[in-house]
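Chemist: Provided below are the primary sequence and the corresponding predicted coordinates.
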Amino acid sequence: MEFVYRECGERDAAEHVRNGEADIAFISAPADDDGLRVFKLKSYPVRALVSVKDPLAVKKQIPLKELKERNFIVFSPQWNIYHSFMKDCRASGISPRVAYQVSDALHMHFLCRENEGVGICPAFYCNFLPREGVKALPVCGLSDWYISIVVGKSRKITPLLHSYIETFRSLSSEI
């Protein structure tokens, strides 16, 4: 057996699996699963990161439609959460105003703390961000973010691959 590890953006990783350059990939929820079989490992709700100075900070949760006039701070399109967020917005009839695209949660946290917009961030990341100056609030109307293993739709699930997937499911449940 040969094992080759390669890091790349989620969109590229999914494409490598689709075109047969890779057997499997670890990615978050793909916005487009055409040609992929998705095995969910762990899911997390998506949160709105808001400055404590923002009037939204006093709320317990926020309906997505209530954010339609706000500026958003989102992850860049190389990450699936961007595409999932855009899809959820379209389904709700919202054309989001993206003020910033970021590549990491800490940068998003800083911009939200400075009240530059509402960040859209998985709760997984919120658990590791500083708490000062921001609140992470549930958003009604956004799909959960999840970590998954993807394989090509036509790929046979061998006993070894099945065992591999189940091992990671078990490990992720302990996190």
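Modeler: Cool, got the structure.
Chemist: quick one, strands of this structure?
Modeler: For the chain, the strands defined by DSSP state E occupy 24-28, 36-44, 46-51, 62-63, 71-75, 97-102, 118-122, 134-140, 145-152.
Chemist: how about residues contacting the last one?
Modeler: Strand 145-152 is contacted from outside by 13-14, 17-18, 20, 23-30, 33, 35-46, 81, 84, 122-124, 157, 161, 164-165, 168, 172, using C-beta atoms under 8 Å, 6 or more residues apart in numbering. For the C-beta atoms, the positions are set from N, CA and C on the backbone; glycine is no exception.
Chemist: so what's the residue nearest in space to the middle of the chain closest to, chain neighbours aside?
Modeler: The centre of the chain sits closest to Ile81, judged by C-alpha atoms, centre = their mean, with a distance of 3.4 Å. Excluding its sequence neighbours, the residue lying closest to Ile81 (C-beta to C-beta, 6 or more residues apart in numbering) is Phe75, at 5.1 Å.
Chemist: picking that back up, make a ChimeraX selection of the buried ones in the contacts of strand 145-152.
Modeler: Remark: buried members of these, expressed as a ChimeraX selection using 16 or more other C-beta atoms under 10 Å:
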select :13,14,17,18,24,25,27,28,29,30,36,37,38,39,41,42,43,44,46,81,84,122,124,161,165,168,172
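Chemist: who touches the nearest residue to Leu142 once chain neighbours are set aside in this structure?
Modeler: Take Leu142 and drop its neighbours on the chain: the residue closest to it by C-beta to C-beta, 6+ apart is Val46, 4.3 Å away. Counting by C-beta under 8 Å, 6+ apart, Val46 touches 81, 85, 120-123, 139, 142-145.
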